[in-house]
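**Student:** Return a 3D structure for these sequence lines:
(one chain, ligands or ions: 1)
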Amino acid sequence: MAKVGLFFGTQTGNTETAAEMIQKELGEENVDLIDIAEASIEDFDKYNYLIIGCPTWNIGELQSDWDGFFPNLDEMDFTGKTVAYFGVGDQFGYPDNFQDAMGILAEKIAERGGKNVGAWPIDGYEFNESRGLVNGQFVGLALDEDNQSELTEKRVKEWTAKLKPMFGL
Ligand SMILES: Cc1cc2nc3c(=O)[nH]c(=O)nc-3n(C[C@H](O)[C@H](O)[C@H](O)COP(=O)(O)O)c2cc1C
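**Tutor:** Residues are numbered from 1 along each chain as shown. Below is the predicted model of the structure:
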């Protein structure tokens, strides 16, 4: 079993592709990829280091498998766990809800004791509002495959390089 559990949900595959890029950068042997559609509460117990990946869908909502899992979070204890987030969204199509999902999950997991790490600057994005912001930064890595796919690889490399020491890698 790897050290880091990366839990992702996806509708059209973009978040899974990003998850694979993140896994590659952190070292394949270090990261288990788990689709939240098939995950149980117990799967989270195995890891002290977590990465949570979720696209925003339906104007400010969680991807449907994450939405289904969300009530479980109220019964889970994230104390002692270090948690990083990444989201996939569309800043031009949904400028008032860009990356909301990342914020919804990060707020809940912090409430349940998780230590959130891996904030990401808002420079280079254009949007009006986002629930994914904390102290003027994105709570995690913001990706936009609809408008800025050419930046994804560079963003993933930079973000994972910052995460490594925080994940003891
Ligand atoms: C109907 C619909 C609603 C969406 N709502 C949002 C939204 O509120 N905020 C956002 O940032 N992106 C939104 N998106 C964009 C998706 O998050 C984006 O296309 C993403 O890459 C999908 O990821 P996936 O392939 O992992 O499912 C929406 C897309 C569609 C088609």
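**Student:** Enumerate every residue touching W120.
**Tutor:** By CB atoms under 8 Å, 6 or more residues apart in numbering, W120 lies in contact with Q137, F138, V139, G140, L141, A142, R155, W159. Every C-beta, even on glycine, is put in place using the N, C-alpha and C of the backbone.
**Student:** Show me those residues that map onto helices.
**Tutor:** Taking DSSP state H as the definition of helices, these contribute R155, W159.
**Student:** Now, the contacts of W120 that are in strands?
**Tutor:** Q137, F138, L141, A142 (DSSP state E).
**Student:** Dig out what the second one forms beta bridges with.
**Tutor:** Read that as F138. Under DSSP bridges, the beta-bridge partners of F138 are W120, L133.
**Student:** N116 is in contact with that one, correct?
**Tutor:** No - F138 is beyond contact range of N116, at 11.3 Å (criterion: CB atoms under 8 Å).
**Student:** Comparing these two, which residue is more hemmed in?
**Tutor:** F138 (24 against 20; other CB atoms under 10 Å).
**Student:** of all the ones in strands among the contacts of W120, which two lie farthest apart?
**Tutor:** Q137 and L141 (10.9 Å; CB to CB).
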